[in-house]
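> Kindly return the folded structure for what I paste below:
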Amino acid sequence: MFKYQHGICIIRCQPFHIGHDRLIKKMLKECQYATVVIGSAQESGTEKNPLPYFTRKKMIQNVYRQKEEYSRLRILGVKDIINASWPNYVLESIKKDQPSLPSADILYVGDANEYQVFKDIIPNMGLCSRTTQDFPFLSGNMVRDMILLRDERYKQFVHPENIKLIEKSFYEDELV
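This next block holds a predicted model:
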C-alpha cells in the first residue's frame, strides 16, 4: 500500500508553516510510518529559534491530531551537535525513541542539498518543494519577521489551528 516503510523529515518549525505541512503530507501519503524530527530542540528564546520544542511539537499536533494518519506520525526533538556524525546521531535518536519501527528508508527534503549528508545512510530522497505557484517564496525567517512586525499576512502561511498559539508565544510579553 505504501511506497516506503519509514520516512523522516528534519525541520525546525520556527514556526510550523504550510511548507512544512506539504512535506509531512507527502511523507504520510508515501510511507507506512512518518517521523518528523524537530531540529534545534534545545534552542528557544533566540532570534532564529524563538519557540521552544514543545510549542513547535504542539503546532504539528494541532494540525494532525484529528486526522486518521496521526497514528502513523511520530514527532521527535533532536538537539544540534556540530560534527560529522550528526546524521548518525539523528538516526540513533529516532531508533532509541522508536525501537520497534523499521530504519528510515527515505528522507524528505525541500532542497536536494539537504539530502547530501544523509545520502550514504538513507537510500532514498523525497524532494518536495515547500513553495507553490501561489507562494513562490516561503521561509521560516519570512514568517517569523511577519509575525514580529504584526503583519497579518503571516496568517496565510500558517494553519488557523495555530494562530492563537503563535500569537500567545510571540506577543505574550507585550500583554503584561
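
> Quick one: low-confidence residue ranges for this structure.
173-176 (pLDDT under 70).

> make it 90
Applying pLDDT under 90 to the chain flags residues 47, 81-86, 110-111, 129-139, 171-176.

> now the strands: where do they sit in it?
Ranges of strands within the chain are 4-11, 31-38, 73-77, 106-109, 125-127, based on DSSP state E.

> could those go into a markdown table alongside distance to Thr55 and mean neighbour count?
The way it works is simple: take the backbone N, C-alpha and C, and place the C-beta from them, glycine included. Shown next, in a markdown table, are the strands of the chain (distance: least, CB to CB, whole Å; neighbours: other CB atoms under 10 Å):
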| stretch | distance to Thr55 | mean neighbour count |
| --- | --- | --- |
| strand 4-11 | 14 | 22 |
| strand 31-38 | 10 | 23 |
| strand 73-77 | 11 | 18 |
| strand 106-109 | 22 | 24 |
| strand 125-127 | 26 | 16 |
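
> who wins for proximity to Tyr171 among those?
strand 31-38 (22.3 Å; CB to CB).

> Other residues contacting that closest one?
For strand 31-38, the external contacting residues (CB atoms under 8 Å, 6 or more residues apart in numbering) are 1-13, 24, 27-28, 53, 56-57, 60, 69, 72-78, 90, 93-94, 98, 101-102, 104, 106.

> One more pass at 7 Å, please.
With CB atoms under 7 Å, 6 or more residues apart in numbering as the contact definition, strand 31-38 has outside contacts at 2, 4-13, 24, 27-28, 53, 56-57, 60, 72-78, 90, 94, 98, 101, 106.

> Please consider this matter closed, and thank you.
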